[in-house]
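Colleague: following is a predicted model, sequence given first.
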Amino acid sequence: MPNVWVPSPMRDVTGGRHTVNIPGKTVREVLANLLERYPEARQRLLRDDGSLHPHLMLLADGVQVDGWDAPLEEDSELVIAAALGGGSVVKAAP
Amino acid sequence: MSATGKHRASGQTYRVIGTRPIRHDAYDKVTGRARFGADVRLPGMLYGVLVRSPHPHARIKSVDTRRAREHPAVRAVVTAADMPSIDSEAVAELGEGAIELRYASEIILARDKVVFRGQPVAAVAATSLQAAREAARLIEVEYEPLPVVQDPVAAMAPDAPLLHQDLYTVTPGGGKAERPSNVAKHVQYERGDAAAGFAAADVVIAREFRTAMVHQGYIEPQAAAAAWEHDGRLTVWTTTQGAFSARQQLADLLQIPVGRIKVIPMEVGGGFGGKIQVYLEPIAALLSRQAGRPVKMWMTRAEVFTGTGPGSGTYIRCKLGAKRDGELVAAELYMVYDAGAFPGSPVGAGAVTGLSPYRIPNFRVDGFDVVTNKPRVQSYRAPGAPQAAFAVETVLDELAQALDMDPVDLRLKNAAVEGDRLVYGAPFNRIGFREVLQAVRDHPHYKAPVPGGAKTYAVGRGVAAGFWFGGSMTSTVHLTFNADGTVNLVAGSSDLSGSRASLAMIVAEELGLEPDDVKPVVADTDTVGYNDVTGGSRTTYATGAACWRACQDAIAQLKARAAKLLEADPEAVAFGGGEFWLWEEPQYRISIKEVAASLQKTGGPIFAKGIVNGLKMAPAFGAHIVDVGVDLETGKVDILRYTAVQDAGRAIHPASVEGQLQGGAAQGVGWALFEEYVYDQGVMRNPTFLDYRLPTALDLPMIDTVIVEVPASDGPYGVRGVGETPIVPPLAAVANAIARATGVRVRELPMSPERVWRALAAAGRAEGLFASHADG
């Protein structure tokens, strides 16, 4: 099943593991299953509207993911990483 | 500069690829016929001028435009009140970098406060440029000046003046800080155990570095014209790296449907990342809407310096640990990137590119995106990477000296190969870093003895390396065929450096034509399918792949037509070298030009398309060798010999590749030795090319080039983009050469004569009358 590379600041939710095997045939399925296994990752990964936080990017087998329906193979690797471009801000106070 | 480089070709040879035809844009450019942004002339056109803030940080108390509106030649006046209010956190993806839309809007026209000197607060359009300037002076803006912070490290202090009360740091885990600050973002990468790695190292070196804010230095200032028609359609002519990006930004900022906007890209007189974000286009559009007439605007050089986006200045701490045999075992990077007045420095890319070239089992990288009262930065050729490489490659050179190792051998020992992971976790696919380093070691320049110096003139040699990711994104091209067998290639990638020639060569190669048979056009947004920006070293790689796919589409369609002419089934027809023939009876053949001439009678025109939407990364590695001479009496540094080596995967047009290597090296030398935004309380003191020192031909020797070809994993021919990488190594290469010449390390850019001399004097290495007066 696809291997998900977890960025170092999120490894507290995966028990310190930097890779986890998560089932799924698309990016969407793998992310859904990842969040089912690690619900506390949701706030780190997604905005309230369900979209990926703009400070993150996803790479599936070395290609930056554009649409979440991108297919994944059994031996695919999905990397979650900080977005390379620009900085981002949170507008409202916590 | 003519090309004298070596071309280390890989196995397969091609008929067109690898040759050096005259570029398709050459005649228009050398004869002055090419039309750049400011060349647009439209009936009834007005001239737009901006009113810019004289304060680097101030609250806007009032903007009074009445006197300007009463000017007889004025036809429109706009302020931020005319811009749609953007309250969302929506992000404008620029293709290279990103910016929140509300900040992009503020950069174009300030609302309640200004956060950098030169930020526009109003604009006028009048029947002449002189009248527009006159009217602009009639606009009265009342400001309440605020405290200024111009240094990014000082801006991080808890008591620093805040630029944005609603800016909360995005923390590495995706959370947000509890209090507002000038730190927009903190990125962090970690692998292994850095502390344990350093404890196990035999040699550890930790250093601090500073690099100055620098400008891309494109020769053509920003220029745009807009015509807002009465039916609501907007047409914009602009010098841009991405017509579709400009269109999307206009739609987002002006809150109008994207389908109502047509962006016509003009020739681009240099961009290097600085011509992606729109500045003048929305204002020209608003002025045009108000006036009911087209409006043209362009910037002066001083406006370009103070009102557009330079490259980040940085503060970086770098610590590396190695075993006695040179094996790197630990690294730490602490990186502060100056974003200017709004978030969005390239710290993310800097944090990844710094250490990724090397196998290091234990590391930690912390990067900070920090706002200051300066123009908001934009991409500049390999955005973020040269600054990071300056730090890492300098410390590597010191490690090599400490370990008594050849600096290239140290890099070879630790160089990443296919499968090794970048800092952010994804593995490199096929890369040619080792091959590049080997080419450096084998080069006559590197093998030659370092030239001798004199008592007051020290000579030394430095090397450094670096890379850029090589992105893909989206490209679309169309092909149509003319009756004489020539082909129209309609692309949407702005041509910054001769990419039309490379794209045409790919089409010519595939279709068996000559490059001159292919007519490449950079089309407007109504004419060609979507294309991302020309940036990130993606055009020859991704748009080239789209050309290749369009050719396969065309060949399939042409085969059917050839089959009709040959009275055979399409499956029986083969194609190669510009000819169709029958598999079984190869004596029956017909040229592609003959098929094109018969299109009307075999079924009508043919339209072929090629679309690329995501190729794998094609990272390009480079390494540079430089010999410098240092005048020990004045601190002046001369570039005596320079060689740039880079993996191009497959050089489509070697002269263009060599030009990119030479151009990147020249810009990097400027960054290393001359260029900086000189600021005093938020005011840039050198906003002209007289005072902002770009390198000229008199500062540079012939830059030798070596093209290494290790095919990329994806795309046709193994092509890699080459534009970004050559600016990554020069900063450190020059610094290392100065250190090897003098024994003195200069870790702050630019390494101006004064800074070098002071460093020499402090180390007792200066010569001449004032050598003992380092502080005088």
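Modeller: Nice, thanks for sending it over.

Colleague: all contacts plus neighbour counts: C-alpha atoms, from now on.
Modeller: Will do.

Colleague: name the SS class of B:Val63, please.
Modeller: The three-state label for B:Val63, taken from DSSP: H, G, I helix; E, B strand; the rest coil, comes out as strand.

Colleague: which residue packs closest to it, ignoring adjacent ones?
Modeller: Closest residue to B:Val63 apart from its sequence neighbours, by Cα to Cα, 6 or more residues apart in numbering or on different chains: B:Val141 at 4.5 Å.

Colleague: same question for B:His478.
Modeller: B:His478's closest residue in space is B:Lys609 (Cα to Cα, 6+ apart), at 4.5 Å.

Colleague: ok so that neighbour is a helix residue?
Modeller: No. Counting by three-state DSSP, B:Lys609 is not part of a helix but strand.

Colleague: surely B:Ile639 is in contact with B:Leu698?
Modeller: No. Look at B:Ile639 against B:Leu698 with Cα atoms under 8 Å: they stay out of range, at 10.1 Å.

Colleague: so between these two, which is more surrounded?
Modeller: Neighbour totals were compared for B:Ile639 and B:Leu698, and B:Ile639 leads with 20 against 6 (other Cα atoms under 10 Å in any protein chain shown).

Colleague: model confidence score at the more buried one, please.
Modeller: On pLDDT, B:Ile639 comes in at 98.

Colleague: also A:Ala92?
Modeller: According to the prediction, A:Ala92 has pLDDT 30.

Colleague: now the strands for chain A?
Modeller: Taking DSSP state E to define them, one finds strands in chain A at A:3-5, A:19-21, A:56-60, A:63-64, A:77-82.

Colleague: what pLDDT does the spatially most central residue of chain B get?
Modeller: By Cα atoms, centre = their mean, the mean C-alpha position of chain B lies nearest to B:Arg381, the distance being 2.7 Å. Per-residue confidence at B:Arg381 stands at 95 (pLDDT).

Colleague: before we move on, back to that, phi and psi next, for the residue nearest to B:Val63.
Modeller: Here is the backbone geometry of B:Val141 (degrees, to the nearest 10): phi -120, psi 130.

Colleague: can you check the one 10 residues further on too?
Modeller: For B:Asp151, the backbone dihedrals (degrees, to the nearest 10) come out as phi -100, psi 130.

Colleague: any idea how far the spatially closest residue to it that is not a sequence neighbour lies from B:Gly340?
Modeller: Spatial nearest neighbour of B:Asp151, chain neighbours left out: B:Thr372 (6.7 Å); criterion: Cα to Cα, 6+ apart. Distance of B:Thr372 to B:Gly340, given as Cα to Cα, to the nearest Å: 5 Å.

Colleague: now B:Arg441
Modeller: B:Arg441 is 40 Å from B:Gly340, by Cα to Cα.

Colleague: neighbour-wise, which of the two wins?
Modeller: Of the pair B:Arg441 and B:Gly340, B:Gly340 is the one with more neighbours under other Cα under 10 Å, namely 29 against 18.

Colleague: so what's that one up against?
Modeller: Remark: with contacts taken as Cα atoms under 8 Å, 6 or more residues apart in numbering or on different chains, B:Gly340 is in contact with B:312, B:370-377.

Colleague: ditto for B:Arg461
Modeller: Contacts of B:Arg461 (Cα under 8 Å, 6+ apart): B:450, B:625-628, B:736-738, B:740-741.

Colleague: B:Val708 is in contact with B:Ala648, isn't it?
Modeller: Yes. Applying Cα under 8 Å, one finds B:Val708 in contact with B:Ala648, separated by 6.1 Å.

Colleague: got any ranges where the stretch 501-650 of chain B has weak pLDDT?
Modeller: Within the stretch 501-650 of chain B, no stretch has pLDDT under 70.

Colleague: which bits of it sit near chain A?
Modeller: B:614-617 (Cα under 8 Å from any Cα of the partner chain).

Colleague: the lowest-mean-pLDDT helix or strand in chain B: what's the following helix or strand?
Modeller: Lowest by mean pLDDT, DSSP states H and E among the helices and strands of chain B is strand B:6-8, with a mean of 53. Following strand B:6-8 in sequence order, the next helix or strand is helix B:26-30 (DSSP states H and E).

Colleague: just so I have it, where are all the strands in the stretch 301-450 of chain B?
Modeller: Remark: strands assigned in the stretch 301-450 of chain B by DSSP state E, counting those that start in this stretch are B:314-322, B:328-340, B:363-371.
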